[in-house]
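**Student:** sequence unavailable; structure follows:
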């Protein structure tokens, strides 16, 4: 007779971080679909896409990490933390150079910081133990 071994549940911090990362990827894809297509169509300059490559690269990497989340590998956790640190850095640099601090800028900084905090909790560290 085979013995059923129950799977360990994902801790709340890791699950919340995954939900927020999924939200971030969804918003990034929505931005890419609407703003970029419209900006290139209006300006007619495909070189405009080059400015958005770093942000799109972050969205693509986060999307890939979402699919690797259940592997519980340490590198998934640390990669997500590193990508979010880069996202915060890009947001701060963009706000500093542009001199515009509004609610949208604050929200863009809160999500990556929340993910960093959630992934640095001990329960998330125990979950990503492989």
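**Tutor:** Arrived safely. Small disclaimer: the values here were computed from a predicted structure and weren't measured. Numbering: from 1, shown residues only.

**Student:** show me where this protein dips below the pLDDT cut-off.
**Tutor:** Counting by pLDDT under 70, the ranges of the chain that qualify are 1, 5, 40-41, 44-46, 48, 104.

**Student:** kindly list the longest helix within it.
**Tutor:** helix 74-98 (DSSP state H).

**Student:** give the next helix or strand downstream of that one.
**Tutor:** helix 103-119 (DSSP states H and E).

**Student:** can you point out the buried residues in the longest helix of the chain?
**Tutor:** Residues 76, 77, 79, 80, 81, 83, 84, 87, 88, 91, 95 are the ones in helix 74-98 that count as buried (16 or more other C-beta atoms under 10 Å). Bear in mind the C-beta positions are built from the backbone N, C-alpha and C, glycine included.

**Student:** show me what that helix packs onto, helices and strands only.
**Tutor:** Counting contacts by 3 or more C-beta pairs under 8 Å, 6 or more residues apart in numbering; DSSP states H and E, helix 74-98 is packed against helix 53-68, helix 103-119.

**Student:** JSON lines please, covering those helices and showing mean neighbour count and distance to residue 125.
**Tutor:** As requested, the helices and strands packed on helix 74-98 are exported to JSON lines (neighbours: other C-beta atoms under 10 Å; distance: least, C-beta to C-beta, whole Å):
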{"stretch": "helix 53-68", "mean neighbour count": "15", "distance to residue 125": "16"}
{"stretch": "helix 103-119", "mean neighbour count": "16", "distance to residue 125": "8"}
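
**Student:** what lies in contact with stretch 17-34?
**Tutor:** Stretch 17-34 is contacted from outside by 10, 52, 55-56, 58-59, 62-63, 65-66, 69, 80, 111-112, 114-115, 118-119, 124, using C-beta atoms under 8 Å, 6 or more residues apart in numbering.

**Student:** now the helix or strand where residue 30 lies and helix 74-98, what's the angle there?
**Tutor:** Using DSSP H and E, residue 30 sits within helix 12-31. Angle of helix 12-31 versus helix 74-98, following axes from the mean of the first three to the mean of the last three C-alpha atoms, to 10 degrees, is 50 degrees.

**Student:** since that was my last question, I'll sign off now.
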